[in-house]
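Undergrad: Pasting the sequence and the predicted model now:
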Amino acid sequence: MKKIYIILILISVAVISSCEGFLDVKPSNSAAAETSIMTPADAKVVMSGLMRRMTSSDYYGRNFIIYADAKGGDFAIRSQGRGNDALYTFNHAQESGNYGGFWAQIYHCILQANNLILNIQKIEDAGTSSAALSEYKGQALTARALMYFDLVRLYGKPYNMDKSSLGVPLILTPLDAADQPTRSTVEEVYNQIVKDLNDGAPFLTKNRLNGYLNYYANRAILARVYLHMDKFQEAFDATEEIITSNRYTLYTNNNWLNSWAVPFSSESIFELGIFMGEANLGTASLGYYLLRANKVSGALGFFMASDYYLQRLGEDPNDIRWAIMDYDESHQVTGVFRYGSCMKYVGGHAMQGDKGNAAATNIKVIRLSEVYLMAAEAALRKSSPDKAKAVTYLNSIRRRSPSLPLATEATITMKMVEDERSKELFTEGHRYWDMLRWNKSITFNDDFIYPTISIPTRDVTIDRTFYKTILPIPQNEIDANPKIAGQQNPGY
């Protein structure tokens, strides 16, 4: 009965938080919640619930992944009005189009992580804990770090642009209903993220842990964070620890395509499970959003690869990553087949997902390919560049383009790394964050839209000084917490 009660707590808070600002709701810190986590089995139930909540359409299940490619220039919309256009057009305001689901969903997940951390800490303080129970605290600390990393990028300026600007409220313990926390600075949030990751790491297993966070997932998140902080030596050290552990292996070119139909495959460091009847979003899933209109019933052609992405991939017509692409609907207008539809999240062209159903396809949050590319970038950009290591790690991924010459110490450039990240990590939620931290201008493929329209909510080319590169604090959250009313992001 105890485990069922924990699940009911999670469900009840989820239902409440979906219709109110999270600061309007007393989180799950009642006496019953505080005494219900007593054993590793109890903690696993809560952690499983947290992983499930992270697959929401307002988080890794769909919108958070789409956000980065739509805003980063690797996606384009074929036609306006199909859904979630605002992610591409930047049509955001405090009262509408604010994508407040990110704020509500991620904070809901953070509150559950906080509750788990608090309960296990109390058991540890009483001297009655176990290594198995403490491991769940390590997982919760790691999850909280990832979620704050995602939040601060959505609502705060890039760390290497203005770390003293406002980030998000740092909530590390369950709140009372009357609490009204204000926004911490970007630097303060990043410091807490690094602290949580380093505090959690010693408790985590180094074994593979399908569907959950292990030690190497923790180190991969840390490497991501350090790259955003321009701490390249630290990022390099974290990535090399993962690579040299040999716990994971890169997909070969022969098995790269099939990897999308295999759950928890050789590269998966952190992968969220999507199951039939549980986290499956059906035709509202990420995979369906990336299919061309009318490919199958329910496919509406929301987001396609931009011309800029296809030109990048087209440097090598034999690039193995073409194998996951399908033609979009452009031929209906131009007569030319354009391969702008990505099949990663339906399990490839068979559309059987990785469990026999197209929509029930796991979300690969961290893959070993990304770690190699982070290692290459960090090696190239650290204060004493190691071009030999940069070449080695970059070429491990660049070999997916067999007709392109491999990089050498004399030819390697950051542009090579940037382009390889785009090609390898397409549709995996990285491009926008990369462009912002690299301080690159982003040009949008607006002339792909049919019929032709003008977009008044942003220019064709933007850079990170454009105020809409970060989201507004939603009005309902300001209503719930008037203390942050004066901390709205500039321009909104």
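TA: Structure's in. What do you need? Numbering: from 1, shown residues only.
Undergrad: CA atoms for contacts and neighbours, from now on please.
TA: Will do.
Undergrad: Can you give me the end-to-end span of stretch 263-280?
TA: 15 Å (C-alpha to C-alpha, to the nearest Å).
Undergrad: Give me the mean pLDDT for stretch 173-180.
TA: When pLDDT is averaged along stretch 173-180, the result is 86.
Undergrad: Mind listing what's buried along it?
TA: Residues of stretch 173-180 classed as buried under the neighbour-count rule (16 or more other C-alpha atoms under 10 Å) are Thr173, Pro174, Leu175, Gln180.
Undergrad: Could you dump those into JSON lines with distance to Tyr345 and secondary structure added?
TA: Conversion of the buried residues of stretch 173-180 to JSON lines gives the following (distance: C-alpha to C-alpha, whole Å; DSSP: H, G, I helix; E, B strand; the rest coil):
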{"residue": "Thr173", "distance to Tyr345": "35", "secondary structure": "coil"}
{"residue": "Pro174", "distance to Tyr345": "35", "secondary structure": "coil"}
{"residue": "Leu175", "distance to Tyr345": "37", "secondary structure": "coil"}
{"residue": "Gln180", "distance to Tyr345": "39", "secondary structure": "coil"}
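Undergrad: could you dump these to JSON lines with distance to Ala410?
TA: Supplementary listing: the buried residues of stretch 173-180 in JSON lines, determined by distance: C-alpha to C-alpha, whole Å:
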{"residue": "Thr173", "distance to Ala410": "51"}
{"residue": "Pro174", "distance to Ala410": "54"}
{"residue": "Leu175", "distance to Ala410": "55"}
{"residue": "Gln180", "distance to Ala410": "55"}
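Undergrad: just curious, which of those residues is nearest to Arg458?
TA: Closest approach between the buried residues of stretch 173-180 and Arg458, by C-alpha to C-alpha: Gln180, at 33.1 Å.
Undergrad: give me the element Ser297 is part of.
TA: Using DSSP states H and E, Ser297 sits within no helix or strand.
Undergrad: Helices of the stretch 201-350 of the chain, residue ranges please.
TA: Chain-ordered helices for the stretch 201-350 of the chain, with DSSP state H, counting those that start in this stretch as the definition, fall at 215-228, 232-245, 286-289, 307-313, 331-334.
Undergrad: Any idea which of these gets closest to Ala485?
TA: helix 215-228 (27.8 Å).
Undergrad: which other helices and strands contact the closest one?
TA: Secondary structure elements in contact with helix 215-228, counted by 3 or more C-alpha pairs under 8 Å, 6 or more residues apart in numbering; DSSP states H and E, are helix 131-155, helix 186-200, helix 232-245, strand 268-272, helix 368-381.
Undergrad: hmm, back to that, redo the helices of the stretch 201-350 of the chain as CSV? Include mean neighbour count.
TA: What follows is the helices of the stretch 201-350 of the chain, written out as CSV (neighbours: other C-alpha atoms under 10 Å):
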stretch, mean neighbour count
helix 215-228, 24
helix 232-245, 19
helix 286-289, 27
helix 307-313, 17
helix 331-334, 10
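Undergrad: returning to what we had before: just put the helices and strands packed on helix 215-228 in a markdown table and tack on distance to Gly282 and mean pLDDT.
TA: Output for these, formatted as a markdown table (distance: least, C-alpha to C-alpha, whole Å; pLDDT from 0 to 100):
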| stretch | distance to Gly282 | mean pLDDT |
| --- | --- | --- |
| helix 131-155 | 25 | 98 |
| helix 186-200 | 33 | 98 |
| helix 232-245 | 34 | 98 |
| strand 268-272 | 16 | 98 |
| helix 368-381 | 28 | 99 |
